[in-house]
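Participant: what would the 3D arrangement of this be:
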Amino acid sequence: MGSHNSKIEGDTLQSAVGRTVSAIKDHADFRRVISSGKYVVIDFWAHKQVRCAPCHQIAPVFEKHSKSFPHAEFYKLNVDDHPKIADEAKIKTMPTFVIFKDGKKKAQLKGADPSGLLTLLQNYTQPDA
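Facilitator: Model prediction:
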């Protein structure tokens, strides 16, 4: 498969190999996603905050991992657009990566830490995690 470039299509970041990172659109979408019974990884990020350059720096790493962890679904939630969801999830730092399963928060990582993100995914998104 040649290129692994990504392109933006509406609210979805789609990779050349077919895995996607979808944007959470509203509160109902958030509740549906986290209650799906699957491992769900959400990148809580901000685009309006100057202090969130790390959000943009780690985004390609998050997208790359979406192709490597087939037992998880990957989503992004812009906290500037959805502050009530961020409050409900108790998100205070951006970026924050949260893993949900069956509507419950299983683990989270605060900050743009590529090796920490990989460890989080390895420890909490496997079939028997």
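Participant: neighbours around Ser66, how many?
Facilitator: 24 (other C-beta atoms under 10 Å). Bear in mind the C-beta positions are built from the backbone N, C-alpha and C, glycine included.
Participant: on contacts alone, who are the packing partners of the lengthiest helix in the chain?
Facilitator: The longest helix of the chain (DSSP state H) is helix 53-66. The elements that helix 53-66 packs onto, with contact taken as 3 or more C-beta pairs under 8 Å, 6 or more residues apart in numbering; DSSP states H and E, are strand 12-15, strand 20-23, strand 39-45, strand 72-78, helix 114-124.
Participant: ok, and for that helix, which residues are buried?
Facilitator: By 16 or more other C-beta atoms under 10 Å, the buried positions in helix 53-66 come out as Pro54, Cys55, Ile58, Ala59, Phe62, Glu63, Lys64, His65, Ser66.
Participant: and the gap between the fifth one and Pro95?
Facilitator: Between Phe62 and Pro95 the distance is 8 Å, computed by C-beta to C-beta, to the nearest Å.
Participant: joint contacts of the two?
Facilitator: Counting by C-beta atoms under 8 Å, 6 or more residues apart in numbering, the contacts common to Phe62 and Pro95 are Asp43.
Participant: rewinding a little: turn the helices and strands packed on helix 53-66 into CSV, columns for distance to Ile99 and mean neighbour count.
Facilitator: Compiled in CSV, the helices and strands packed on helix 53-66 are given as follows (distance: least, C-beta to C-beta, whole Å; neighbours: other C-beta atoms under 10 Å):
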stretch, distance to Ile99, mean neighbour count
strand 12-15, 19, 17
strand 20-23, 14, 19
strand 39-45, 5, 24
strand 72-78, 8, 22
helix 114-124, 5, 16
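Participant: among these, which comes closest to Arg31?
Facilitator: For the helices and strands packed on helix 53-66, distance to Arg31 was read as C-beta to C-beta. The smallest value, 11.3 Å, belongs to strand 39-45.
Participant: let's see the closest one as PDB, backbone CA atoms only.
Facilitator: Only the C-alpha atoms of strand 39-45 are listed here, as PDB (Å, rounded to 0.1, in the frame of the first residue of the first chain):
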ATOM      1  CA  TYR A  39     -12.800   0.000  23.600                       C
ATOM      2  CA  VAL A  40     -13.100   3.700  22.700                       C
ATOM      3  CA  VAL A  41     -10.200   6.100  22.800                       C
ATOM      4  CA  ILE A  42     -11.000   9.800  22.800                       C
ATOM      5  CA  ASP A  43      -8.500  12.500  22.200                       C
ATOM      6  CA  PHE A  44      -9.800  15.600  24.000                       C
ATOM      7  CA  TRP A  45      -8.100  18.500  22.300                       C
END
